[in-house]
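1. Give me coordinates for this.
(chains A and B)
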Amino acid sequence: AQKITQTQPGMFVQEKEAVTLDCTYDTSDQSYGLFWYKQPSSGEMIFLIYQGSYDEQNATEGRYSLNFQKARKSANLVISASQLGDSAMYFCAMREGGISGGYQKVTFGTGTKLQVIP
Amino acid sequence: EAQVTQNPRYLITVTGKKLTVTCSQNMNHEYMSWYRQDPGLGLRQIYYSMNVEVTDKGDVPEGYKVSRKEKRNFPLILESPSPNQTSLYFCASSLTGLSYNEQFFGPGTRLTVL
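-> Just a heads-up that it's a prediction; the model follows:
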């Protein structure tokens, strides 16, 4: 079974509008971290935002926020006031394993290509 | 400047010719990892290392080897490359392997195996 699922291969959004990129995950660990990365056309991977499984508040970083619904196992990325520079590939990732140091793998979703229209 | 470096950035080679992609980080990170990125498949973890001399398989380790003799370096070795290993490769590091540590990525190595 897929551990990270991103169901939107591609999305369009009008400049200055908000957009939500979906991510659902599957884990039996109690301790895990969820991450979003941006990959512009130049290819580098840029860390955007992190949400811990025990965090009660949704994470926010500037125009990025993470809509974390633990019971539904979803961690959607919300980008407010989209800009042309937001056009990129976006990846959701999960890091399992807690202080006991057990499972150390990292799993990525297949990504969502976002295009911002002027 | 804190960074992860990879070399080479681009490589075209032929089937069966052994190659090594180097990865180095200057942040004193314990955890290092290799990924391959293929269209429609996202990033898939090849190998990871929790510390010096400690490595483990990721989801797609076949055809790859790694070693971690020093904390800062984590080379990826393809002993007999095949065309299905044509891909974009990323090295990444994080302070530890704990779930709250973000990873820092290298610039990527685009490998073509003919």
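
2. And the pLDDT for residue 2?
-> Looking at chain A here, since you left the chain open. pLDDT recorded at residue A:2 is 67.

3. To clarify, I was referring to chain B.
-> What the model reports as pLDDT for residue B:2 is 87.

4. A strand includes it, no?
-> No. Following the definition DSSP: H, G, I helix; E, B strand; the rest coil, residue B:2 is coil and is not counted among the residues of a strand.

5. ok, and the closest non-adjacent residue to it?
-> residue B:27 (5.0 Å; Cβ to Cβ, 6 or more residues apart in numbering or on different chains). In short, each C-beta sits where N, CA and C put it, glycine included.

6. Phi and psi next, for that neighbour.
-> The phi/psi pair for residue B:27 (degrees, to the nearest 10) reads phi -110, psi 10.

7. Quickly note the distance from it to residue A:38.
-> Plainly put, residue B:27 is 20 Å away from residue A:38 if you go by Cβ to Cβ, to the nearest Å.

8. Ok, residue A:73 next?
-> Residue A:73 sits 22 Å away from residue A:38 when distances are taken as Cβ to Cβ.

9. Also residue B:86?
-> Distance of residue B:86 to residue A:38, given as Cβ to Cβ: 24 Å.

10. same thing with residue A:66?
-> From residue A:66 over to residue A:38 (counting by Cβ to Cβ), the distance is 13 Å.

11. Between these two, tell me which one has more neighbours.
-> residue A:66 (24 against 21; other Cβ atoms under 10 Å in any protein chain shown).

12. Any stretches of chain A with poor pLDDT?
-> Screening chain A residue by residue with the criterion pLDDT under 70, one finds the ranges A:1-2, A:98-103.

13. Show me which residues of it are close to chain B?
-> Residues of chain A found near chain B, taking Cβ under 8 Å from any Cβ of the partner chain as the criterion, are A:4, A:6, A:9, A:29, A:31-33, A:35, A:37, A:43-45, A:47, A:50, A:52-53, A:91, A:93, A:95-99, A:101, A:104-111.

14. out of those residues, which are buried?
-> Neighbour counting over those (16 or more other Cβ atoms under 10 Å in any protein chain shown) leaves A:4, A:6, A:31-33, A:35, A:37, A:45, A:50, A:53, A:91, A:93, A:95-98, A:104-111 as the buried ones.

15. Note down every partner strand of whatever helix or strand residue A:115 lives in and its orientation.
-> If you go by DSSP states H and E, residue A:115 is part of strand A:112-117. In the sheet containing strand A:112-117, its partner strands are strand A:10-14 (parallel), strand A:88-96 (antiparallel), by DSSP bridges.

16. Let's see that strand as CSV, backbone CA atoms only.
-> Listed next in CSV are the C-alpha coordinates belonging to strand A:112-117 (Å, rounded to 0.1, in the frame of the first residue of the first chain):
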residue,chain,number,x,y,z
THR,A,112,1.7,17.6,-7.7
LYS,A,113,2.7,20.0,-10.5
LEU,A,114,1.2,23.4,-9.7
GLN,A,115,0.9,26.1,-12.4
VAL,A,116,0.0,29.6,-11.4
ILE,A,117,-1.8,31.5,-14.2
